[in-house]
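Q: Sharing a model prediction with you, sequence too.
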Amino acid sequence: MDAQRHDPDPQETREWLDALGGVLAAEGADRAHWLIEQLIDKARQSGAWLPFSANTAYINTIPTEAQVRIPGDQAIEHRIRSVVRWNAIAMVLRANKHTNVGGHLASFASAATLYDVGFNHFWHGPSEQQAGDLVFFQGHSAPGVYARAFMLGRLTEEQLDNYRQEVDGRGISSYPHPWLMPDFWQFPTVSMGLGPLMAIYQARFMKYLQDRGLAVTEGRKVWAFMGDGEMDEPESMGAIGMASRENLDNLIFVVNCNLQRLDGPVRGNGKIIQELESDFRGAGWNVIKVIWGTHWDALFARDKKGILMKRMMECVDGEYQTFKSKNGAYVREYFFNSPELKSLVADWSDDEIWHLNRGGHDPHKIYPAFHAAVNHKGQPTVILAKTIKGYGMGTSGEAQNITHQQKKMSHDSLRRFRDRFEIPVPDEKLDEIPYVTFPEGSPELTYMRERRMELGGYNPQRRRKSQPLAVPELAAFERFLKSTEEREISTTMAFVQILSTLVRDKHIGKHVVPIVPDESRTFGMEGMFRQLGIWNQQGQLYTPQDHDQLMFYKEDKHGQILQEGINEAGGMCDWMAAATSYSTHDVPMIPFYIFYSMFGFQRVGDLAWAAGDMRARGFLLGGTAGRTTLNGEGLQHEDGHSHLISATVPNCLSYDPTFGYELAVIIQDGLRRMLVLQEDVYYYITVMNENYHHPAMPEGAAPDILKGMYRLSAQQHGSGPRVQLLGSGTILRQVMAAAELLHADWGVTADVWSCPSFTGLARDGNEVARWNMLHPEAPPRVSHVEACLTGTQGPVIAATDYMRLFAEQIRQLVTSAAGPPHHRRYVVLGTDGFGRSDTRAKLRYFFEVNAQYVTVAALKALADDGAIAKSKVTEAIAKYGLDPAKPAPWTV
């Protein structure tokens, strides 16, 4: 340690440094870098301990002499950029004059130049030549994107005035939301951290499409904009190692390092740019820092001793923020804080010092960085651009801790902003905050349009429809509609067989994307390894351990399976990229992502919500589902609530099928709706690992399967007491067994109903109730539940492998099925509580959803209706060995 701090031989050190200086002068930085790397390698091979440092000096990565000159007319671009800034502020201020809808001023103010350079010079729109670049716009910068679109005639003044006021259909959304603006936004990004993660997998999916010959994606880029504060989200950086490992040189991150998050500094006591540089370079990314603007170049040239660079490294971000909230005199006093530093600016005025700009506000520094990024090969690139939050807002927010929440600007700040950016608004109009446009035929508007047309068209824009695909008819799944006879299978096995049928289909087979997070063998999918191959850009560079077996592990450059390892978020992002390919690439894909159901919606629910917003189309399969069906794994694995979470996504259609024919009907209709009709829905289907006999589909059942409820069986046993039994998933079989117990032991007749979608039934009921409320004089409509139960007799008992709330969704529909003034008794059993390890039989007894508990629940409902004596219920409890003193399962 002392040897590192104190130089024992300064003369030798000087000789090494002089030699390095000679190489730099004669042969350049690349040669010097190569020699240094050789020395480091030699030292390490000789046993020396040389810790790795991923940081470089706190200066721009691209030196001034290596900068590529920005093309175009910079005077015009500056005028355009200034008016975009004004309009972005104007739309927020105007929207908040008479409302409290909010909006953000400061984020785009800091990022305006970054976006402007991209729009003018880099981001391709979809054209005949290519499908365009994918840009993940930072959510809080949406006003700037709207402002530019308005100036190009893509949005109207009325839309801007109704920013964040969407209910009447005249406004525009607060942030990027494809659901709300389906022709404009492609990606929802304001749930922080999701944008970077989704961007990585979108970039990789483009490589997948290229390798499989489904689309030409060469030359297209994925750009993702994010704030430095956003990088604290685990999702933001959780997959950066994968991006490097996969050589995603079509991916560019732009981190707007304005040093502030919502409440204060991102790293007040440190340097966020240096921290991110180390993280990304250590992960294998190409890192480009854009810290200082052109006005600093003269000072760097004056500084022969490196004292300026040293001072830049000494200052922490909290100080840099404070500098830009003050003035030139303050910066002279506290940044140039030594006689030597003060001498560098002795002949500079305070105003000149104040105009020392940051790299993220300088197009002459940004363009070379973007240019280097798009031309870099073999690695993803991250650009770390230093900016000022609230740039131009003055005392109303520039570099101030309050700036993120600012929705208003004082008259004086607005006037200074107008003057600073030379906005043509007279004093008497200033308080009106008018929008500014360039007239038709003006150099500025002509320039804006020409730049976009040269780049292929407008961006952002979104494709709503793609070419429809021919999907197989239900008859193609005929074998799944028949009884399995003596063979017992699980619904997971049925799904895998259906998937195998689809990948062999001559019309849609190549469009199927099986996705699995390192659980293929759990789900019985290992047979697809050899059949389809696991996609890998490098192919398979090794001989797999099981190469001599029939179902060996096969990686292939043209493989069809996406195998994500133990990474549910990555698998979900794969699925989202494939599920939106119809829009982003004009190539409809059919992704089937199967995962442990407990680690699906519960773990990646935010991504599932974003998928709905993105109008994703595909299938999510919750494997090993059901709290009592996945026996042995215990509390963390046993899912009893995923259907409750999936129900929160309005365009997610959820099903819990019991039999293979139900699964076949649901998947075939899903293909029709998503690929033929091109509806913006996606499916969540739970499949189980319990083997049992599957009967043939009852004749004519398919339409009601899709609606969520159909009669599976009806006992004909005279005029005694009768009940209606409902179930889904594997617990439907307990319900079927209960029907037999009721008849054999108690003389009670039961109708058994399969309810593969309680969520679908509830939505149908809500729709009917709403229509009836708003059409009081019209003949009332009837929900599917009411239509099914009307004319039946007895109380209704429902049991599932999920929490009671799942089947409780239809309570109002069941109780009203008898019609006023009568109300049907409805009893629900479910698996509320923490899971645990044991056999299925014991788990179903513990959670009180086995056939015996269903039987007792039915008898108690009959007793409450006065149809049988209550003593019969007591007798049944004793007969089946149920313990009335047993604690409720949700309490233990």
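A: Arrived safely, thanks for sending.
Q: neighbours of Val768, just the number please.
A: Counted with other CB atoms under 10 Å, the neighbours of Val768 add up to 19. Yep, even glycine has a C-beta here, placed from its N, CA and C like the rest.
Q: Just the element for it, please.
A: Secondary structure from DSSP states H and E places Val768 in helix 758-774.
Q: Output that helix as CSV, restricted to C-alpha atoms.
A: What follows is helix 758-774 as a C-alpha-only set of coordinates in CSV (Å, rounded to 0.1, in the frame of the first residue of the first chain):
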residue,chain,number,x,y,z
PHE,A,758,-64.4,-17.2,-13.5
THR,A,759,-62.7,-13.9,-14.6
GLY,A,760,-64.4,-14.0,-18.0
LEU,A,761,-67.7,-14.7,-16.4
ALA,A,762,-67.3,-11.8,-14.0
ARG,A,763,-66.4,-9.4,-16.9
ASP,A,764,-69.4,-10.6,-18.9
GLY,A,765,-71.6,-10.0,-15.8
ASN,A,766,-70.2,-6.5,-15.3
GLU,A,767,-70.9,-5.7,-19.0
VAL,A,768,-74.4,-6.9,-18.8
ALA,A,769,-75.1,-5.0,-15.5
ARG,A,770,-73.7,-1.8,-16.9
TRP,A,771,-75.9,-2.1,-20.1
ASN,A,772,-79.0,-2.8,-18.0
MET,A,773,-78.3,0.2,-15.8
LEU,A,774,-78.0,2.5,-18.7
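Q: May I see the buried residues of that helix?
A: Along helix 758-774, the positions that meet the burial threshold by neighbour count (16 or more other CB atoms under 10 Å) are Phe758, Thr759, Gly760, Leu761, Ala762, Arg763, Asp764, Gly765, Val768, Ala769.
Q: Next: stretch 340-358.
A: Of the residues in stretch 340-358, those scored as buried under the neighbour-count criterion (16+ other CB under 10 Å) are Leu341, Leu344, Val345, Trp348, Ile353, Trp354, Leu356, Asn357, Arg358.
Q: Next: stretch 696-704.
A: Within stretch 696-704, the residues that qualify as buried are Met697, Ala701, Ala702, Asp704, counting by 16+ other CB under 10 Å.
Q: Can you flag which of those residues belong to strands?
A: Using DSSP state E, no member of the buried residues of stretch 696-704 falls in strands.
Q: can you give me the strands in the stretch 351-500 of the chain?
A: Chain-ordered strands for the stretch 351-500 of the chain, with DSSP state E, counting those that start in this stretch as the definition, fall at 381-386.
Q: Kindly apply the preceding question to the stretch 751-892 of the chain instead.
A: Counting by DSSP E, counting those that start in this stretch, the stretch 751-892 of the chain forms strands over residues 796-799, 826-829, given from the N-terminal end onward.
Q: I'd like to know which elements the first one is packed against.
A: Applying 3 or more CB pairs under 8 Å, 6 or more residues apart in numbering; DSSP states H and E, one finds that strand 796-799 makes contact with strand 722-727, helix 731-746, strand 826-829, helix 851-864.
Q: which of the ones you listed sits most buried?
A: Per-residue neighbour counts averaged over each of those give the maximum for strand 722-727, namely a mean of 27 (mean count of other CB atoms under 10 Å).
Q: and it, which strands flank it?
A: The sheet places strand 722-727 alongside strand 749-754 (parallel), strand 796-799 (parallel), with pairing taken from DSSP bridges.
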